[in-house]
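1. What follows is a protein structure lacking sequence information:
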RNA sequence: AGGCCUGUGGCGGAAUUGGCAGACGCAGCGGACUUAAAAUCCGCAGAGCUCACCCUCAUCCGGGUUCAAGUCCCGGCGGGCCUACCA
């Protein structure tokens, strides 16, 4: 039939027309608005459900097809839950501060405020074109002063708090300060008390306890990015973004004392419904290890403390190693040892190397003896102290006891430098000890006794506790838990971020901006480029009029500082992660000018367990998700939020990959340089066969697909359906443009089921076909179940099967003889609506409905339609299917046995042999053993 | 080097608790309709064997548990992700 004969066919143009029409309508009528408690339209009888997407970082290039995957999934659940009678919160916004926007601005010469706003506008347009049921009235960006005002406020709350170890939670630091003053405590080891200390000393003391504090730290300096980076932002010694080399240097920076929360961040992973892999990654990142600290006496220096997880091997510690940055190195150099020059050179060399150099080189250990010794507290022996860069200053105490017999790293080092070794553990399974390798496993202690203590013969676990008890009793050490997690470096030498609400006076003391003076606005800068320098120089320093101000002007409490005092503003800014640490809270109450979120809105939407469903990429498994949990716990301690964890259920969508082609030598070829021939692929220019492989979408491979092009060719409903039909949400899956036709044809069939393509008239069945009716109930039931378990691909398959069953044959003369009745169509459309909302809304309205399908109820399922009266059961003889029998659905085992044994084919297969055993699995199958 | 995940037709995938392997879609093949093609509708379709099958083989490879294994256990091989001198 020619196109002119089917002018009312569902094609790209029709899809585009009806989709944009309904999108405008939904937006205009606020169809997707969620009412807050206290709002006029709020219905308190409904349960709440909070569905959150990880909000995007709007980039200049716009959305790619990976973005809508997770967004479509949450949209389906949103629409489904609304139809099921929930009050659903489903918001969207923009994570818009940060490095990429700034780098893009520097490249293009356009201010990041301008490029970011236009990127946001483009992202919003693209998302709205896909018909997602976001409550757009709640939209905000992290760059909005109304938002970052509260980011600054939360930071101030942390600044004003410390971690009370005795209570295990954050408390106002004012309480601690009052206590210090009242008790007139000594502030440090030197015994100087509070009242005898200068204000600077008092502040420095409090800074060792604040949750948001300033401190001098060895930081990761990335000259190419012109900023310092958090440990989490470094991969293989290079910046996660851009892969630039990173160097270590000491710097005074704002930090978060996330380590105070290490144990709780670890423990509470048990409370959340998250993928195991993500919980494992977080717990490994936190890196709890149990062991002991042990003091080794160094004559003239004092104690050299090490952390070890194997105190049971203390008798085998035959030398020690400290990190090149360890204070003991300076002390040793001060004694002018023979190899002073070599030590100095080694330390300088290892310090200046970037991490990438350290790791690029072979594992060959380097190091140098310091020419001093320590006393092994167990053996009383003098053992040499070395320095080597395989010992990290940032972990434990920056010093180790080396037990080459039972530690692979120590073994390699000892082998290289011919250092002594002693066996102190015998393998539990009797494997003989050799000097060729370290025996790291557990076993039984040996050669481990002195006049006071013997752990010989004890298993590793018992030997460990015995040793710790002895160390504790003799004050040579103690039980200790150590974490790999380090404090979070929270300042960046960049322009495009939240300013810190803090100023410094000429003494270098810091003062917080009052809450009432927030936000501290980011000043408009014409030149915001990073400053090329060996030393970090924040671009905000160029805003001299903004930086140099008075206490009064900056909003410092007059009780803290005279308003006329000259002060300098902090010129570092917060890192890109700041805004995403609490955005899910702001969505609950985005316009609140008095609080970051009202108690009522927070308690309602966060409920008992926080966000009910959070979907986003697994690349945020450690960074964002750990930081957000940390902020949330601080806010919980301070009484600002009511749940312990922010995200109850987390799910990661897989990556959408693409095809590329690979030559015989393993190099990749762009898709446009290849053609298909005889079921294979040929590189056109070289006439050589290539194989199809799966690769990430990239410009160079010419395999990037954008939602805009798919929407133009098929419409948004088809794109949504295709992305959900590709496979399980969690898996990574290749985009295959060819396959889109399948779901598009499905929507065309849906359309044709209701609409006569030639006339545009509604066409419906006169009466319901019982088989179709039955299948309709089953499909709706399955779709509901599948949505609950996020198995959208199988839900769609069920709907396709239903439509195939209901489709009229071409030969049918009267359309009313087939298809669906109005009532059936109504129910079918509601089941499909979460997936393909536009076409369903259109057909729904054509059925005569006047309220949006969005607001309709999920169709009811008749349970009796889900069971068959007669079941076909496969019958196995000796475990192989040999026959099928039909039985009543409620037949018991005895009845089924009788039917089976009476069946001719069964008897034939049994060949006269008597049944030895019959296994009947109700409603599944029968197995006869002879 | 370690940890976690994963391996099913030509392709994407299904099989929810151990119970008929390959649902559904793509690509392919055949038919109806058409002067013809497209579109549409109906059918076929894991491999093997002489057609068919209530035959044989088959879920990366090799063992095992079980009446029964894609699914559970052990050992390999391949792919992916994470961590990577963390004492």
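-> Ah, there it is. Quantities reported herein were computed from a predicted structural model and do not represent experimental measurements.

2. how about low-confidence regions in chain A?
-> A:1-4, A:231-232, A:236-237, A:352-363, A:429, A:532-534, A:666, A:677-679 (pLDDT under 70).

3. can you count the residues close to the residue of chain A found nearest RNA strand B?
-> Closest approach between chain A and RNA strand B, counting by CB to the nearest atom of the strand: residue A:742, at 2.2 Å. No exception for glycine: its C-beta is placed from N, CA and C like everyone else's. Using other CB atoms under 10 Å, residue A:742 is surrounded by 13 other residues.

4. likewise the one 5 residues further on?
-> Residues within reach of residue A:747, counting by other CB under 10 Å, total 23.

5. care to break chain A down by domain?
-> A:15-143+A:579-651, A:153-283+A:491-569, A:288-427+A:444-483, A:656-695, A:696-864, A:868-929 (automatic domain parsing).

6. So what touches stretch A:767-787?
-> For stretch A:767-787, contacts defined as CB atoms under 8 Å, 6 or more residues apart in numbering pick out A:76-77, A:80, A:792, A:794-795, A:798-799, A:801-802, A:805-806, A:818, A:820-821, A:823-824, A:827-828, A:831, A:834, A:858-859, A:861-862, A:865-866.

7. again, only using 6 Å
-> Outside stretch A:767-787, the residues within contact range by CB atoms under 6 Å, 6 or more residues apart in numbering are A:80, A:794-795, A:798, A:802, A:805-806, A:821, A:824, A:831, A:859, A:861-862, A:865-866.

8. What subset of those residues is buried?
-> Buried residues within those, counting neighbours by 16 or more other CB atoms under 10 Å: A:80, A:795, A:798, A:802, A:806, A:821, A:824, A:831, A:859, A:861, A:865.

9. Tell me which two in these are the farthest apart.
-> The most widely separated members of the buried ones among the contacts of stretch A:767-787, counting by CB to CB, are A:80 and A:821 (23.7 Å).

10. returning to what we had before: wasn't the residue of chain A closest to RNA strand B part of a helix?
-> Yes - under DSSP: H, G, I helix; E, B strand; the rest coil, residue A:742 falls within a helix.

11. for the domains of chain A, which one sits closest to residue A:6?
-> Nearest of the domains of chain A (CB to CB): domain A:696-864, 4.0 Å.

12. can you give me the end-to-end distance of the closest one?
-> 48 Å (CA to CA, to the nearest Å).

13. go on, stretch A:579-589?
-> 16 Å.

14. Now do the buried residues in that stretch.
-> A:579-589.

15. Using a markdown table, lay out those residues together with distance to RNA strand B and secondary structure.
-> Listed next are the buried residues of stretch A:579-589 as a markdown table, based on distance: CB to the nearest atom of the strand, whole Å; DSSP: H, G, I helix; E, B strand; the rest coil:
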| residue | distance to RNA strand B | secondary structure |
| --- | --- | --- |
| A:579 | 22 | helix |
| A:580 | 18 | helix |
| A:581 | 19 | helix |
| A:582 | 23 | coil |
| A:583 | 23 | helix |
| A:584 | 23 | helix |
| A:585 | 27 | helix |
| A:586 | 28 | helix |
| A:587 | 28 | coil |
| A:588 | 31 | coil |
| A:589 | 34 | coil |
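
16. closest to residue A:311 among those residues?
-> Of all the buried residues of stretch A:579-589, residue A:581 has the smallest distance to residue A:311: 38.2 Å, by CB to CB.

17. check contacts around the closest one.
-> Taking CB under 6 Å, 6+ apart as the test, what residue A:581 contacts is A:627-628, A:631.

18. One more pass at 10 Å, please.
-> A:142, A:151, A:154-155, A:256, A:574, A:624, A:627-632, A:634-635, A:646 (CB atoms under 10 Å, 6 or more residues apart in numbering).

19. which ones among the residues you listed are found in helices?
-> A:151, A:154-155, A:624, A:627-632, A:634-635 (DSSP state H).

20. how about the residues of the stretch 601-750 of chain A that lie near RNA strand B?
-> A:618-619, A:622, A:679, A:725-728, A:731-734, A:736, A:738-739, A:741-743, A:745-746, A:748-749 (CB under 7 Å from any atom of the strand).

21. In helices, which of these appear?
-> Using DSSP H, these in helices are A:725, A:741-743, A:745-746, A:748-749.

22. Quick one: buried ones out of the residues you listed?
-> Using 16+ other CB under 10 Å, the buried ones in those are A:725, A:743, A:746, A:748-749.

23. got those residues as CSV, with distance to residue A:375 columns?
-> Listed next are those as CSV, based on distance: CB to CB, whole Å:
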residue, distance to residue A:375
A:725, 70
A:743, 75
A:746, 79
A:748, 85
A:749, 84
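
24. Okay, and residue A:284 sits in which element?
-> helix A:276-286 (DSSP states H and E).

25. ok, now which ones touch residue A:177?
-> Residue A:177 sits next to A:162, A:194, A:202-203, A:205-206, A:209 when contact means CB under 10 Å, 6+ apart.

26. ranges for the helices of the stretch 451-600 of chain A?
-> Here the stretch 451-600 of chain A has its helices, by DSSP state H, counting those that start in this stretch, at A:460-473, A:544-547, A:551-554, A:583-586, A:599-606.

27. Can you give the distance of the first one from its chain's centre?
-> Centre-to-centre, helix A:460-473 and its host chain are 39 Å apart (CA atoms, centre = their mean, to the nearest Å).
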